[in-house]
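Participant: Provided below for reference: sequence and predicted model.
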Amino acid sequence: MATGPIRRGHISCPTNIPPLLYHFQFNPAEVSITKTAVYDSEGLSKSKGASLLTAAGRGSYLQAMNQGSRLSQAAGFVSTADAKRFSKEGDRILKFKLFIDGTEPGPREQSGMRSSERMSIVDDLALLESFLVPAPGNVVDIGVAGKAALDNWKAKREFQSQDWAAIWYAQPPVASVGLGDISFDGWVTEMSTTITQWSPSLEPTRAQVELSLVEKPDALGTLIGHIKRHVRVARGLHTQYATLDIEEDVF
């Protein structure tokens with residue numbers, strides 16, 4: 001485990017039924033965030049670059065250049081790799097580890113809540129596992145379904161049961177993770193628990209839990225995160241260019 005200052009984090013879903021909230025301490029060195037981009041191969045450099053060389057040998061260089069982008073055609077002389085076209089964004093994935101110790105109170109617990117007689121972390125594990133399974137409901141979904149049912153009642157004087165059936169145990173809770181200045185909204189896709197200590201009554205008292213989440217792109221926290229990213233990029237550029245010596249640093 002890496003050394004350094006310990007910061008407080010949380011994983012929560014306040015709109016879930018029942019509401020979910022778990023505070024923990026983490027070491028920032030244990031956090032991993034990955035993001036991918038998907039590209040399609042266009043084959044410009046291989047197919048058109050090769051045809052350009054052949055055509056140029058026959059004296060029809062200008063005709064070959066007009067078959068596609070001149071820059072792409074010229075690139076065929078330099079590289080035989082396939083040209084790439086952006087296809088879609090890949091998922092943003094967050095992974096981090098929790099070290100749960102039932103012998104000491106948690107970050108938001110009073111000292112008496114974890115007595116020497118009761119050091120079990122079964123409740124901690126049950127709360128974290130709740131992010132993996134469909135929830136009984138969500139306050140927001142119920143509100144939307146309730147409004148739709150009310151509008152339908154006003155228009156047709158009848159209720160449609162399928163509108164309500166779609167919100168019960170429909171999907172796992174959307175987890176909001178706060179790790180210092182890093183925020184992440186998404187679904188828990190994997191939870192790996194390694195119990196490292198048991199009590200004399202065979203209750204787990206210490207464990208290492210590794211969580212993996214995939215980002216929910218249309219979550220409010222995700223949209224706010226995009227805005228923060230642009231602000232931080234602008235701030236970082238200002239910091240970099242403020243002391244930039246073009247002749248020394250670039251050339």
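Facilitator: Sure, I can see it.

Participant: Let me see the backbone angles for the residue lying closest to F184 once chain neighbours are set aside.
Facilitator: In space, and not counting its chain neighbours, F184 is closest to V177: 4.4 Å by CB to CB, 6 or more residues apart in numbering. Quick note: C-beta positions are derived from backbone N, CA and C, even for glycine. With angles defined as degrees, to the nearest 10, V177 sits at phi -110, psi 130.

Participant: Also I224?
Facilitator: phi -60, psi -40.

Participant: V231 now?
Facilitator: Main-chain torsions, V231, degrees, to the nearest 10: phi -60, psi -40.

Participant: same check, this time on V233
Facilitator: Dihedral angles (degrees, to the nearest 10) for V233: phi -60, psi -50.

Participant: just to confirm, which helix or strand has R85 in it?
Facilitator: strand 84-101 (DSSP states H and E).

Participant: Is E104 within a helix or a strand, and which one?
Facilitator: Here E104 is assigned to no helix or strand, by DSSP H and E.

Participant: And the helices in the protein, which stretches?
Facilitator: 49-57, 61-65, 70-78, 122-129, 139-156, 161-165, 220-242 (DSSP state H).

Participant: check contacts around G221.
Facilitator: G221 sits next to S176, S183, F184, D185 when contact means CB atoms under 8 Å, 6 or more residues apart in numbering.

Participant: run the last query once more with 10 Å
Facilitator: V174, A175, S176, V177, G178, S183, F184, D185, G186, E215 (CB atoms under 10 Å, 6 or more residues apart in numbering).

Participant: Pull up the per-residue confidence for the second one.
Facilitator: With respect to pLDDT, A175 has a value of 95.

Participant: now it: how far from T205?
Facilitator: Distance, A175 to T205, using CB to CB, to the nearest Å: 25 Å.

Participant: repeat for the last one
Facilitator: Applying CB to CB, one obtains 33 Å for the distance of E215 from T205.

Participant: Between helix 122-129 and the strand holding R85, find me the angle.
Facilitator: Angle, strand 84-101 to helix 122-129, by axes from the mean of the first three to the mean of the last three CA atoms, to 10 degrees: 170 degrees.

Participant: Using CSV, write out every CA atom in strand 84-101.
Facilitator: Provided in CSV are the C-alpha atoms of strand 84-101 (Å, rounded to 0.1, in the frame of the first residue of the first chain):
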residue,chain,number,x,y,z
LYS,A,84,-7.6,6.4,-38.9
ARG,A,85,-11.0,8.0,-38.6
PHE,A,86,-12.5,8.6,-35.1
SER,A,87,-15.4,6.2,-34.5
LYS,A,88,-16.7,6.7,-31.0
GLU,A,89,-15.7,7.4,-27.4
GLY,A,90,-14.9,4.4,-25.3
ASP,A,91,-16.0,3.9,-21.8
ARG,A,92,-14.4,5.8,-18.9
ILE,A,93,-13.6,3.3,-16.2
LEU,A,94,-12.7,3.9,-12.6
LYS,A,95,-11.0,1.4,-10.3
PHE,A,96,-10.0,1.8,-6.7
LYS,A,97,-9.4,-0.3,-3.6
LEU,A,98,-10.9,0.0,-0.1
PHE,A,99,-9.3,-1.3,3.0
ILE,A,100,-12.0,-2.0,5.6
ASP,A,101,-11.0,-2.4,9.2
